[in-house]
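Enquirer: My questions are about this predicted structure, shown below with the sequence.
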Amino acid sequence: MVPASVPAAPPVAPGVRDLPFVTLHLPAGPAPWARASRVAVQDPLPSAYVGLSDDELERRIWAARNKLGTRLVILGHHYQRDDIIKFADFRGDSFGLSREAASRPDAEFIVFCGVHFMAETAAILGAPHQRVVLPNLTAGCSMADMADIFEVRECWAALQAVGVERVVPVTYMNSAADLKAFCGQHGGIVCTSSNARAVYDWAFTQGDRLLFFPDQYLGRNTGYAKGLTDDQMPLWDPRELDGGADPEAYRRARAILWRGWCSVHKRFTIDQVRQARAGHPGVRILVHPECTSDVVAAADLNGSTEFIVRQVRQAPAGTVWAIGTEINLVHRLAQEHPEQTIFCLDPVVCPCSTMYRIHPSFLLWALENLVEGRVVNQIAVSPEIRQHARVALERMLAVH
Ligand code: 13P
Ligand code: SF4
């Protein structure tokens, strides 16, 4: 029986899941990402790990962690639940976590408590001998799934065919490794919510326009911050023939934005901003730049999860915050800062259900296997993809 707090698994053949967002275990050869199968094997959580009490989980996770000592580093994204984040050696936003993964060569194992694209990035930036483990392979990102390599290559070819030139591909960190490799191979770069503006500046030194995927809102919000207007930022809709806009619009563009979004951040609305301001005079509205552009424009501040944490930490007692981001982070900030008033901008909050899939039972299972010398749920990237994706990621780390 699965305890109520473990998200139910979809009905699948035993031991095998067809996942749209999991590791690329690809053979060597030409253009390997053209064959990206995105299929991985997820061992089901053994029954011995199901239904353990919170106390037992906690005790055994600490015990396994202590046995592994400095061979292990646990990285945790800010959206992780409290009963996971407390075990993290380092917590941060996507940018900070990638920098951390690149700077821990002594650790034999990196256990990544976050979602798939983050663990994959750690596998690309880490040293070749390191093993990266994602405790639950079903922890993906629905936004990252909104662009795949076939669609991006099709878009690239279609733009070239209508004379759109000097395009710099920029992929948001929330994307599969093969998209990062595409950027590395085509003079492009990876960005995160914490360096997107600097990445725009960099890209405009390399070409005349960006192709930005998969998050249209981070792309547009960053474009506005750089003084671009809507007609310089046409959408590319992968479900429409030739992107859905006039070729002239793409030729004029400074940033061509992929039609993708985050279903968690898209829930925040301008009405919620108005209600927060009406109900709490003096409130500071602080949102993530994956929110829609009207919400970001109406907010007082926007930035990455680390930026959000920093703003709250630095604020004086008595500050009132309405925060537009994932609920685990908002709750944690409210608990850690009782001297301030902190609430979620959306009263009917929506957690990131995939981040939530890193349940302590999965973490314990992964750690106890490492203690026994078995690596479960390893995230690995083929050498070809790794090589090109690393180029784009190293550019990202240099631009901040
Ligand atoms: P950060 O890089 O700001 O942590 O964002 C990651 C993410 O997935 C937000 O939804
Ligand atoms: Fe992806 Fe949105 Fe979850 Fe971030 S909050 S991991 S963008 S689904």
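Expert: Yep, it's here. Ligands and ions are numbered 1, 2, ... in the order given.

Enquirer: So which residues on the protein come close to ligand 1?
Expert: 78, 93, 94, 95, 174, 192, 193, 262, 288, 290, 304, 305 (C-beta under 6 Å from any ligand atom). Bear in mind the C-beta positions are built from the backbone N, C-alpha and C, glycine included.

Enquirer: could you redo the last one with a cut-off of 5 Å?
Expert: Taking C-beta under 5 Å from any ligand atom as the criterion, the neighbours of ligand 1 within the chain are 93, 94, 192, 193, 304, 305.

Enquirer: possible to save these as a markdown table with secondary structure and neighbour count?
Expert: Formatted as a markdown table, the entries for the residues of the chain next to ligand 1 read as follows, by DSSP: H, G, I helix; E, B strand; the rest coil; neighbours: other C-beta atoms under 10 Å:
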| residue | secondary structure | neighbour count |
| --- | --- | --- |
| 93 | coil | 25 |
| 94 | helix | 27 |
| 192 | coil | 24 |
| 193 | coil | 25 |
| 304 | coil | 24 |
| 305 | helix | 23 |
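
Enquirer: Dump those to TSV, plus pLDDT and distance to residue 361.
Expert: What follows is the residues of the chain next to ligand 1, written out as TSV (pLDDT from 0 to 100; distance: C-beta to C-beta, whole Å):
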residue	pLDDT	distance to residue 361
93	97	26
94	97	25
192	98	30
193	97	30
304	98	29
305	98	25
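
Enquirer: Which two of those have the greatest separation?
Expert: 192 and 305 (9.9 Å; C-beta to C-beta).

Enquirer: what touches both of those two?
Expert: By C-beta atoms under 8 Å, 6 or more residues apart in numbering, residue 192 and residue 305 have these common neighbours: residue 93.

Enquirer: Quick one: the residues of the chain next to ligand 1 as CSV, columns for distance to ligand 2 too.
Expert: CSV is the format used below for the residues of the chain next to ligand 1 (distance: C-beta to the nearest ligand atom, whole Å):
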residue, distance to ligand 2
93, 10
94, 9
192, 11
193, 9
304, 11
305, 9
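
Enquirer: Test my guess that residue 218 contacts residue 289.
Expert: Yes. Between residue 218 and residue 289 there is a contact under C-beta atoms under 8 Å: 5.1 Å.

Enquirer: Going along the chain, name the strands of the stretch 151-300 of the chain.
Expert: Secondary structure of the stretch 151-300 of the chain (DSSP state E, counting those that start in this stretch): strands located at 167-172, 189-191, 209-213, 235-236, 255-258, 284-287.

Enquirer: how about these in TSV, adding mean neighbour count?
Expert: Rendered in TSV, the data for the strands of the stretch 151-300 of the chain read as follows (neighbours: other C-beta atoms under 10 Å):
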stretch	mean neighbour count
strand 167-172	26
strand 189-191	29
strand 209-213	28
strand 235-236	23
strand 255-258	24
strand 284-287	23
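
Enquirer: Let's have those strands in CSV, adding mean pLDDT.
Expert: CSV is the format used below for those (pLDDT from 0 to 100):
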stretch, mean pLDDT
strand 167-172, 98
strand 189-191, 98
strand 209-213, 98
strand 235-236, 98
strand 255-258, 98
strand 284-287, 98
